[in-house]
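[1] I would like to see how this sequence folds:
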Amino acid sequence: MPVLAHTAKAQDGHEGLSYRGVLNTYDQEEYRKMRNKAKRSNHILSAVLFALASPPISDAAQPPPVLWERTFDGLGIAVNHGGFQQTSDGGYLLGGWDQLDPHQVGLVKTDARGILQWQRALGQQGGPSSMEPTSDGGSIIVGSSGGVYLLKLDAAGNAQWEKFMSFWDTMITYCLFGRQTADGGYIVTAERSTASTCVVSLLKMDSVGNVQWERAFSNGIFPHGRSVVQTTDGGYLVVGETAPPPLAPPAFLIKTDASGDLTWRKSYGTSYGADYAYCVQLTPDGGYVIAGQKDNNAWLFKVNSSGDMLWERTYGTGRIYSVRQTTDGGFILGGFSYFAPYRVRLIKTDANGNRDWEKTFAGMGEAGAKSVLATADGSYVVLGWTNTGGTDGGSAYLIKVGQPPAAARPAWRLYR
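    Numbers count the residues shown, from 1 in each chain. Model (predicted):
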């Protein structure tokens, strides 16, 4: 007859309690009844034990736990300075400014648990505005100090080359973002100004940082091209904001062709609020998702390939600086609460921008998020800054949230 056995090893390696059911001998009729009853009980108990041994069903509304938090003195991160990427060994490379010498780029390399492996400073033109991965496993760092500054790193974090370009007829006051293009070159957004005008500048470089072309876009008063992405047709999409003229929403998208010539331009937001577009990502349907701030609220909106808005969501007081699409089709957002005390805000949404969950982090007292990554193990890693109060920048602050590795579960065996 069937005998059900359960054995489970405790953490100390010893066997746990086991249960075995044994039937005594009765007369034939009583034995048959007892046997049938035992079979039914065993089937029910087997189903219960299988359910107990199976992984629990996750509740999407519950945020994942914090796996670790790290701070790194000596490496500065701020709203317009810094970036990071995951490395081939599962660790992370962080870029910011060197707090001992702000004219140098600061780098921190960690292992997969965020433990410091090395820290160094290099370059001579100030901290980076952005840091993005390149196809060879390295990084491209973009910054500005009265011009356009590019620093190329190899996969080990060593400098391969650096370029500084000044423009005598005008002044590059901000160089905000750069990333690699499909041809191995780079696309960079900057702000170029003269005594009377200010324009968004889009610069295309070759693989060693030589300028191939530049395009300028006048888009209101004091425009900022915060981010750029290469589109599926080989063109580019620039996002940013401008000081609003009367009755004109200040956040904008500028779409160009592969040569940087204007295809279309659209504005979004309110005609009266402080609206910013900080980050853009392509979506699999050919559209774009943009993150920023609308009238002092954290803001996410989705547009189609022509720039027509499909939906928009706000998430209370704050700003979003980074957005990534997640494996379930939703989005992970990184930013901070707008009013002091600053707090890192990490928001997970579904594919339509509806909030699934949110977590906040205070760091050393005040903190904000600069960038967020969705990692291969289903976790999320946030790079930001933390300080004891008073500024929107500080020491690098790295956080990982996600499900810990599955613990060993009891082994249930059915003997016959």
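
[2] switch to C-alpha atoms for all contacts and neighbour counts from now on
    OK.

[3] so what pLDDT did residue 342 get?
    As summarised for this prediction, residue 342 has a pLDDT of 86.

[4] contact partners for it?
    336, 362, 366-368, 392 (Cα atoms under 8 Å, 6 or more residues apart in numbering).

[5] repeat that for 7 Å
    336, 366-368 (Cα atoms under 7 Å, 6 or more residues apart in numbering).

[6] and what about it, helix, strand or coil?
    Secondary structure assignment for residue 342 (DSSP: H, G, I helix; E, B strand; the rest coil): coil.

[7] could we number from 597 for the rest of this?
    Yep, numbering from 597; the last one is residue 938 now.

[8] now it: phi and psi?
    phi -60, psi 140 (degrees, to the nearest 10).

[9] also residue 810?
    Dihedral angles for residue 810 - degrees, to the nearest 10 - are phi -140, psi 140.

[10] contacting residues for the closest residue to residue 968 other than its chain neighbours?
    Spatial nearest neighbour of residue 968, excluding adjacent residues (Cα to Cα, 6 or more residues apart in numbering): residue 978 at 4.4 Å. By Cα under 7 Å, 6+ apart, the residues touching residue 978 are 965, 967-969, 994-996.

[11] and if you look at residue 907?
    897-898 are the contacts of residue 907 under Cα under 7 Å, 6+ apart.

[12] before we move on, what about residue 958?
    Residue 958 touches 939-940, counting by Cα under 7 Å, 6+ apart.

[13] check residue 718 too.
    700-702.

[14] that one and residue 736, how far apart?
    Relative to residue 736, residue 718 is positioned 14 Å away (Cα to Cα, to the nearest Å).

[15] now residue 797
    Distance from residue 797 to residue 736, by Cα to Cα: 19 Å.

[16] now do residue 678
    Residue 678 is 12 Å from residue 736, by Cα to Cα.

[17] shared neighbours, those two?
    With Cα under 7 Å, 6+ apart as the test, residue 678 and residue 736 both reach residue 727.

[18] these two: which is more packed in?
    The residue with more neighbours, out of residue 678 and residue 736, is residue 678; 31 against 22, by other Cα atoms under 10 Å.

[19] list the residues that contact the more buried one.
    691-692, 724-727.

[20] partners of the residue lying closest to it once chain neighbours are set aside in the sheet?
    Distances taken as Cα to Cα, 6+ apart put residue 692 closest to residue 678, at 4.2 Å, once the chain neighbours are dropped. Beta bridges link residue 692 to residue 702, judged by DSSP bridges.

[21] please save the CA atoms from the helix or strand containing residue 800 in CSV.
    Assessed by DSSP states H and E, residue 800 sits inside strand 794-801. Below are the C-alpha coordinates for strand 794-801, written out as CSV (Å, rounded to 0.1, in the frame of the first residue of the first chain):
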residue,chain,number,x,y,z
CYS,A,794,20.7,80.1,-27.5
VAL,A,795,20.1,76.8,-29.5
VAL,A,796,20.0,73.1,-29.1
SER,A,797,23.1,71.7,-30.8
LEU,A,798,23.2,68.1,-32.1
LEU,A,799,26.7,66.9,-33.0
LYS,A,800,27.6,63.7,-34.9
MET,A,801,31.1,62.3,-34.3
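
[22] could you report the neighbour count for the closest residue to residue 706 other than its chain neighbours?
    Distance criterion Cα to Cα, 6+ apart; nearest residue to residue 706, sequence neighbours excluded, is residue 712 at 4.4 Å. For residue 712, the neighbour count with other Cα under 10 Å is 16.

[23] kindly report the same for residue 808.
    Neighbour number of residue 808 under other Cα under 10 Å is 12.

[24] same deal with residue 779?
    For residue 779, using other Cα under 10 Å, the count is 9.

[25] and it, that's in a helix?
    No - per three-state DSSP, residue 779 lies outside any helix segment and is coil.

[26] thanks a lot, see you next time.
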